[in-house]
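Visitor: fold the stuff below for me.
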Amino acid sequence: MPFTGKLDGNIVVVGLQWGDEGKGKVVDLLARRAAWVARFQGGDNAGHTLVVQGRRTVLHLVPSGVLHPEVRAVIGNGVVVNPAVLVEEMDALAAAGVPTGPDRLLVSDRAHVILPVHRALDAAREEARGAAAIGTTRRGIGPTYEDKAARRGLRVGELVDPGRLREGLARALARREACGGAEASLDELLAWAEPLADRLRPHVRDTAAVLHRALDRGERILFEGAQGTFLDLDHGTWPYVTSSNTVAGAAAPGTGVGPRDLHLVVGVAKAYTTRVGAGPFPTELHGEAAERLRAWGHEYGATTGRPRRCGWFDVPLTRRAVRLNGADAVVLTKLDVLGHLDAIPVCTAHEPGPDGLPRPVFRELPGWRRDISEVRRYADLPDACRAYVERLEDWLGVPVAALSVGPGREQTIPRDEAFAPLLSAG
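Guide: Coordinates of the predicted model:
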């Protein structure tokens with residue numbers, strides 16, 4: 001089906017599964033036509049991996065478009081920021097020749113700060129849950145969002161204001177102690193925070209106002225989400241979810257722009273399915289079959305290094321994600337990984353199981369048993385591979401506008417001529 005989206009507007013990129021779909025690569029490609037890339041939720045629990053000219057870069061907080069020198073990056077108010085991680089990431093990028101000065105990278109003064117006590121509490125809670133652990137990254141994300149909602153957190157604007165830092169830390173510490181979660185003194189927190197505040201102070205702005213001015217000038221903004229649709233706090237597989245809204249609509253409150261400034265939604269999905277951590281996974285593989293798919297796809301978390309759970313493509317799940325996000329197009333990634341198979345099962349429906357959980361109904365599609373990582377034109381893909389893509393598109397009801405057949409920028413195949421300009425410069 002043809003792609004009919006708005007080519008010259010602002011784009012939101014989101015994951016349609018449980019994260020790790022390849023959003024970083026897609027953002028990096030689309031950023032070539034943007035003036036700004038704005039991250040709108042999550043924290044350093046995200047890991048976006050980019051491969052450019054054979055060099056691998058993993059970003060946790062800095063938006064993925066930063067590798068394009070003409071693009072400016074914003075960490076929006078909906079993100080929770082560990083300043084130590086951010087400074088470390090900025091230094092690593094600078095060492096690699098990627099500028100991250102205050103003219104290129106801005107941080108919202110309204111974003112909330114992840115403190116060491118948040119990380120300690122996150123880890124302690126996971127340990128206490130034992131076998132019932134949710135599977136968090138233990139980065140302090142949940143406790144920080146919890147403090148934000150309870151109006152007891154510390155915002156970046158306070159972090160970088162010497163006149164307010166001590167008071168803000170004392171408030172956060174006192175309320176955290178009342179919840180039984182503090183393991184640091186005020187002086188220890190100040191010693192940790194002050195040098196980080198000095199580094200970040202030049203980068204801190206009212207980023208909503210910055211983006212408003214950019215919109216007034218007609219500059220394109222690319223909005224970058226983290227995690228995936230089914231880790232969304234409201235629409236995910238609760239309680240095995242993250243602590244923020246991961247769907248496309250969250251780009252507006254997460255950066256301060258209006259909903260009418262979001263013109264196009266690009267959903268990213270793997271050609272199969274993975275998830276990290278606990279929670280339901282209807283199409284999950286086990287044993288040797290799971291190990292093979294994991295090895296072929298190098299399925300280990302960019303943030304945690306944990307092996308990802310692997311399974312087949314789930315049409316009902318992904319179709320729901322398309323609707324939840326209002327996706328205009330899908331980019332299908334890791335299609336090359338399936339080139340090892342003679343036949344590829346796809347979940348086309350769910351049936352109720354005896355325990356109340358959905359049971360997948362599978363249909364097998366022919367495999368192609370060929371390495372497609374060097375293919376650059378859709379017409380040059382094996383017939384069975386094109387049939388797989390087109391059948392998924394029919395089932396999802398939205399154009400599969402581009403394919404990824406490897407981690408490199410160049411390993412991307414525009415399928416729809418109308419979508420192709422978004423993946424090229426100019």
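
Visitor: can you give me the helices in the protein?
Guide: In the chain, helices defined by DSSP state H lie at 23-30, 83-95, 116-129, 141-149, 156-159, 162-178, 186-200, 207-216, 251-255, 287-297, 315-325, 383-396, listed in chain order.

Visitor: as CSV, those helices with distance to G408, mean pLDDT and mean neighbour count would be great.
Guide: All C-beta atoms are positioned from the backbone trio N, CA, C, and that covers glycine. Below are these laid out as CSV (distance: least, Cβ to Cβ, whole Å; pLDDT from 0 to 100; neighbours: other Cβ atoms under 10 Å):
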stretch, distance to G408, mean pLDDT, mean neighbour count
helix 23-30, 9, 92, 26
helix 83-95, 19, 93, 17
helix 116-129, 34, 82, 18
helix 141-149, 30, 93, 23
helix 156-159, 34, 98, 24
helix 162-178, 43, 82, 16
helix 186-200, 32, 95, 16
helix 207-216, 30, 98, 16
helix 251-255, 27, 98, 23
helix 287-297, 15, 96, 15
helix 315-325, 25, 98, 20
helix 383-396, 19, 98, 17
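
Visitor: quick one: closest of the ones you listed to R409.
Guide: Closest to R409 of the helices of the chain, according to Cβ to Cβ: helix 23-30, at 6.4 Å.

Visitor: pull the number of nearby residues for the residue nearest to V66 when sequence neighbours are not counted.
Guide: Once flanking residues are discounted, V66 sits nearest to A73: 4.8 Å by Cβ to Cβ, 6 or more residues apart in numbering. The tally of other residues near A73 (other Cβ atoms under 10 Å) stands at 26.

Visitor: who's A73 bridged to?
Guide: Counting by DSSP bridges, A73 is bridged to V37, L105.

Visitor: spit out the contact partners of it.
Guide: For A73, the contact set (Cβ atoms under 8 Å, 6 or more residues apart in numbering) comprises W36, V37, A38, R39, V62, P63, G65, V66, R104, L105, L106.

Visitor: how much space separates it from A94?
Guide: 14 Å (Cβ to Cβ, to the nearest Å).

Visitor: just put the contacts of A73 in TSV and tack on distance to R217.
Guide: Shown next, in TSV, are those (distance: Cβ to Cβ, whole Å):
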residue	distance to R217
W36	11
V37	16
A38	15
R39	21
V62	23
P63	19
G65	18
V66	20
R104	17
L105	19
L106	16
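
Visitor: now the residues you listed as CSV including distance to G311 and neighbour count?
Guide: What follows is the contacts of A73, written out as CSV (distance: Cβ to Cβ, whole Å; neighbours: other Cβ atoms under 10 Å):
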residue, distance to G311, neighbour count
W36, 36, 24
V37, 31, 26
A38, 32, 32
R39, 28, 32
V62, 31, 25
P63, 30, 28
G65, 31, 27
V66, 33, 25
R104, 39, 18
L105, 37, 24
L106, 39, 22
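
Visitor: between those, which is closest to R205?
Guide: Nearest to R205 among those: L106, at 4.9 Å, using Cβ to Cβ.

Visitor: my read: the closest one touches I75, true?
Guide: Yes. Using Cβ atoms under 8 Å, L106 is in contact with I75, at 7.2 Å.

Visitor: which stretches of the stretch 201-350 of the chain have low pLDDT?
Guide: For the stretch 201-350 of the chain, the stretches flagged by pLDDT under 70 are 302-304.

Visitor: change it to 90
Guide: By pLDDT under 90, the weakly predicted segments of the stretch 201-350 of the chain are 277, 300-306.

Visitor: end to end on stretch 194-212, go ahead and measure it.
Guide: Stretch 194-212 has its terminal residues 30 Å apart, counting by Cα to Cα, to the nearest Å.

Visitor: tell me which residues are up against it.
Guide: Residues outside stretch 194-212 that contact it (Cβ under 8 Å, 6+ apart) are 36, 38, 74-77, 83-84, 86-87, 90, 101-102, 105-110, 156-157, 159-160, 162, 165, 221, 255-257.

Visitor: quick one: distance of it to the chain centre.
Guide: Mean C-alpha position of stretch 194-212 versus that of the full chain (Cα atoms, centre = their mean, to the nearest Å) differs by 22 Å.

Visitor: which residues of the stretch 1-150 of the chain score low on pLDDT?
Guide: By pLDDT under 90, the weakly predicted segments of the stretch 1-150 of the chain are 1-8, 45-60, 64-65, 67, 95-97, 117, 119-140.

Visitor: for F230, see how far away the residue nearest to V66 is.
Guide: Distance from A73 to F230, by Cβ to Cβ: 27 Å.

Visitor: equivalent analysis for L211, please.
Guide: Separation of L211 from F230 (Cβ to Cβ) stands at 28 Å.
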